[in-house]
Each structure stands twice: as C-alpha cells, then as structure tokens.
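> got a sequence here, can you build the structure:
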Amino acid sequence: MSKRPSPHLANGEFVIRLAEPADVPAILRFFNENRQPLAEVEPRRPESFYTAEFWQMRIQLNRSQFDDRRSCCLFLFAADNATVIGDINFTNHVSYPFHAATLGYALDHRLWGAGRMYRALQLSLAYMFDDFNLHRVMANHLPDNRRSEALLRRLGFCREGYARNYLLINGLWRDHVLNALTRDNWRSLDHTQPLLQTPDGR
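Numbering: from 1, shown residues only. Reported below is the predicted structural model:
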C-alpha cells in the first residue's frame, strides 16, 4: 500500500506527528526520564524497549500500520518539533461495521496539570474521527487514576463499564474503568457499505 499523508497537527504550543528515525534519541530520552511514573499505569516493558534498535524497528512498523489503517501511533513534540513530551496512540483499529479504535496516551510527568494533554487529545481525536472515519474511540484507566478520569470526562468520554483483572500492569492484574467517546453525526465515507439505518430499519 502506498504511503498516506502523515498527520502534522500543531497549535503553536506543540506538534503531533508520526515519529521519524531521526527522532529516536528524543524518544529514548522521553521514555527513560518517565520510566518510573509510566511503570505505575502501563504494562511492564522489556529492557529492549529502551534501545535505539527497538525504536528504529518500531517507527517503521508504526508507519506501515498507519498506511494500512491498522493504527495511528503519534508522538507529542514541544513547539520546537524535536523534543518528545508525550505520545498518543490509536490502536486496535476496526473499520466496518465497528469503526472504532482504542486510545492510549502518556505525558512527561513534569508537565502534568497544565492542560497540555487535553488540548493535544482534542486535536488528535478530531483528526482520527475525520481521517479514519471513526464512530467510537475507547479509553480505559485504572480506578485510582483520577487525573485520567477527569481528562476523559472533560473530553466527553462516558463511563461504560468496569473490567476486573483487565490488564497486567507492572506485574499485577489490575481492574480498569471502561470509557468511550462516540461521534453522533457519523456518516459512512464508503459508498459500498450499507447506508446507516435507524433501529427500526428505515
């Protein structure tokens, strides 16, 4: 499949885009400097995750999956478009008839509390709803992660459930709160798909 136009989302405060091979040192710096804060909320990572070889391969994989519309794994850069300050990942993308993806995100712990991730997700969600033609974005958080809970509520996500022993986080099976944001005015962009119908079939 040919390369699709890469997203470049910016607002003067930050830039959101796919990573390039030249970004590997900045990516490693971000993950190493945030290793402990992220370990408390994300699955345990092997030591190979913190190597340049891993990220050279991962960047190629991310690009391939983006071109195939299987995922959209973005990095959040400072206004200089060189310093990585976070990541925003839309994975598990499924098109017809689900039109959904799962959202994950992380921000440099030194920047928490200033509203950056809220503004970054506003841009990223708008892009995904339009470019990937999503109807639903799902995002889950640990029950005690009040910061993530408040962020998702502010973005309009609704709580949809509670999953026991949902993910292996830092070596322990942890419960998660399940949330989703849907696009009410969704319309199919593919004319080969059935037209959107009302519940009674009209």
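> and the helix or strand hosting residue 89, which residues are buried?
Element membership for residue 89, per DSSP states H and E: strand 84-94. By 16 or more other CB atoms under 10 Å, the buried positions in strand 84-94 come out as 84-90, 93. C-beta here means a position set from N, CA and C on the backbone, and glycine is covered the same way.
> pick out the most distant pair among the residues you listed.
Greatest spatial distance in the buried residues of strand 84-94: 85 and 93, 24.5 Å, computed using CB to CB.
> gap between the residue nearest the centre of the chain and residue 161?
The centroid of the chain falls nearest to residue 89 when counting by CA atoms, centre = their mean (2.4 Å). Counting by CB to CB, to the nearest Å, the separation of residue 89 from residue 161 is 21 Å.
> and residue 22, by the same measure?
41 Å.
> any stretches of the chain with poor pLDDT?
1-2, 190-202 (pLDDT under 70).
> can you pull out the strands in it?
8-10, 14-17, 72-78, 84-94, 100-107, 136-141, 158-169, 172-182 (DSSP state E).
> residue 47: which of those is closest?
Using CB to CB, the strands of the chain put strand 158-169 closest to residue 47, at 17.3 Å.
> okay, how far is it across stretch 21-38, tip to tip?
Distance across stretch 21-38, first residue to last, is 23 Å (CA to CA, to the nearest Å).
> got it, and stretch 76-93?
Span of stretch 76-93 from end to end, CA to CA: 20 Å.
> what's around residue 58, how many residues?
15 (other CB atoms under 10 Å).
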